[in-house]
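In: sequence? don't have it. structure:
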């Protein structure tokens, strides 16, 4: 075994035990991520069982100058968890316990390897809600959500992951433990150290535990799907529903016609709920606090919008199963995979008033460069986050497609990454969103906290 001939791995095994270290043939069949389709490439996969074990492993790696790539659920889309044959991948998969929950004070203490859906279900059992929600909920981990500052479908109502974290425990590159496990919402005592690690993509420290903020669960959630004739009406309807239902509009998703048709067409298991040919389709979630009149109020708002011509058609889900089908139209990637052998995914943000023109210009530039290109647009438009799925043709054209998508964002003061992070895929374009002074400060922070550059090196930027 590798552990018999590699002194560092033998030392690590003495910390985490045989079950905590996989190497050589033991890595066969281990996935490099749900989107990669390849096996994990690493010197070893280390699986500590506690913060103390993570700290001891990092002390050993720091002395040896060994690169460590932190890994959660490996659901990221920016290459932030990619590793090589000489890297140690440190997974928190064995650190998967919910340690405690205080329903009265509305917080939960968890280890970093807990799956997001597990946290959601535990909160729900207590009549509470953990606000973060995204399509990878059954696979992604809380530690990964923190490291990437995950967004998802409820940012409009509750904000990003950074708004859901009260306290944090992190192991630094040299094995030091920074424990800032507060359970209070207000704590104005100097620098907020949590925020250094939220969105740092494992380059500054390894998240091991967290205190999560919980909210009261709604009595019910109503979901509607609307066909909308114009982008102006898409924006108008956002204010219409948010104003008429203050605090209740939890998600406002928009699907361009091409995305809606693909995900309700012959490659999809979901039939089209609306038999229309409008350019936009709005999917919205509304939290109901009044069982007796809540749904009636939403129905009245939808009927008024229909009568005013703001929507051409709409349907309100009549059951949980129908709600799930509506959301499947938004979240399902199987039709894309059935149609195309290669799809590039993009995640950007920009002002709402510029979004229609931006999409049209990107689509036009793609078709001018690649006659067989296809672009599917959708996203969390309530918070300005737009997603593209693009079929560009040959793999070697990725840089050209990236430039078409990212370059216009500079003039619009948009972001090349709204919620997925930078990782490897977007670091060449970080300067399109962040200034040279900002990036220099990021580099100086990295050098200060990880002078040997062993924690996820090469991600975000090169030193």
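Out: Structure received. Not measured: the values here are computed from a predicted model. Residues are numbered from 1 along each chain as shown.

In: going by C-alpha atoms from here, please, whenever you check contacts or count neighbours.
Out: Noted.

In: can you give me the pLDDT of residue 15?
Out: pLDDT for residue 15: 98.

In: does it touch residue 51 like I think?
Out: No: between residue 15 and residue 51 there is no contact under CA atoms under 8 Å: 11.7 Å.

In: pull up the overlap in contacts between the two.
Out: Common contacts of residue 15 and residue 51 (CA atoms under 8 Å, 6 or more residues apart in numbering): none found.

In: low-scoring stretches of the stretch 301-450 of the chain, by residue?
Out: Low-confidence segments of the stretch 301-450 of the chain, defined by pLDDT under 70: 393-396.

In: what segments of it are helices?
Out: All helices of the stretch 301-450 of the chain, identified by DSSP state H, counting those that start in this stretch, fall at 320-331, 334-339, 352-369, 398-406, 409-412, 436-449.

In: ok, the stretch 51-200 of the chain next?
Out: Using DSSP H, counting those that start in this stretch, helices in the stretch 51-200 of the chain cover 51-64, 116-125, 142-147, 155-158, 194-197.

In: list the buried residues in the last one.
Out: Buried positions in helix 194-197, judged by neighbour count with 16 or more other CA atoms under 10 Å: 194, 197.

In: Throw the helices of the stretch 51-200 of the chain into TSV and include mean pLDDT and distance to residue 451, thanks.
Out: Listed next are the helices of the stretch 51-200 of the chain as TSV, based on pLDDT from 0 to 100; distance: least, CA to CA, whole Å:
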stretch	mean pLDDT	distance to residue 451
helix 51-64	98	10
helix 116-125	98	32
helix 142-147	97	20
helix 155-158	94	35
helix 194-197	95	16
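
In: residue 308 is nearest to which of those?
Out: helix 155-158 (25.4 Å; CA to CA).

In: quick one, which of the helices of the stretch 301-450 of the chain is nearest to residue 382?
Out: Using CA to CA, the helices of the stretch 301-450 of the chain put helix 352-369 closest to residue 382, at 8.6 Å.

In: what lies in contact with the closest one?
Out: Under CA under 8 Å, 6+ apart, the answer for helix 352-369 is 231, 235, 373-375, 377, 381, 384, 392, 401, 404-405, 408, 412.

In: residues of it that come out buried?
Out: 352, 355, 358-359, 362-363, 366.

In: how about those residues in CSV, adding distance to residue 254?
Out: Shown next, in CSV, are the buried residues of helix 352-369 (distance: CA to CA, whole Å):
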residue, distance to residue 254
352, 12
355, 11
358, 15
359, 13
362, 17
363, 17
366, 21
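
In: one step back: check the contacts of helix 352-369 against residue 288 and report the nearest one.
Out: residue 381 (21.3 Å).

In: and the spatially closest residue to the closest one that is not a sequence neighbour, what does it touch?
Out: Excluding its sequence neighbours, the residue lying closest to residue 381 (CA to CA, 6 or more residues apart in numbering) is residue 253, at 5.6 Å. Counting by CA under 8 Å, 6+ apart, residue 253 touches 153, 282-284, 378-382.

In: could I get these as JSON lines with distance to residue 246 and neighbour count?
Out: Listed next are the contacts of residue 253 as JSON lines, based on distance: CA to CA, whole Å; neighbours: other CA atoms under 10 Å:
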{"residue": "153", "distance to residue 246": "18", "neighbour count": "26"}
{"residue": "282", "distance to residue 246": "18", "neighbour count": "24"}
{"residue": "283", "distance to residue 246": "18", "neighbour count": "22"}
{"residue": "284", "distance to residue 246": "14", "neighbour count": "23"}
{"residue": "378", "distance to residue 246": "24", "neighbour count": "24"}
{"residue": "379", "distance to residue 246": "22", "neighbour count": "24"}
{"residue": "380", "distance to residue 246": "18", "neighbour count": "22"}
{"residue": "381", "distance to residue 246": "18", "neighbour count": "25"}
{"residue": "382", "distance to residue 246": "14", "neighbour count": "25"}
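
In: which ones among these map onto strands?
Out: Of the contacts of residue 253, the ones assigned to strands by DSSP state E are 282-284, 378-380.

In: what's the most distant pair in these?
Out: Maximum distance among these (CA to CA): 13.1 Å, for 284 and 378.

In: in JSON lines, list the helices of the stretch 51-200 of the chain along with distance to residue 299.
Out: As requested, these are arranged in JSON lines below (distance: least, CA to CA, whole Å):
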{"stretch": "helix 51-64", "distance to residue 299": "50"}
{"stretch": "helix 116-125", "distance to residue 299": "26"}
{"stretch": "helix 142-147", "distance to residue 299": "35"}
{"stretch": "helix 155-158", "distance to residue 299": "21"}
{"stretch": "helix 194-197", "distance to residue 299": "41"}
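
In: between those, which one is nearest to residue 421?
Out: Comparing these by CA to CA, helix 142-147 comes nearest, at 9.1 Å.

In: contacting residues for the most centrally placed residue in the chain?
Out: Closest to where the C-alpha atoms of the chain average out (CA atoms, centre = their mean) is residue 150, at 4.0 Å. Residues near residue 150 by CA under 8 Å, 6+ apart: 132, 160-161, 199, 419-420.
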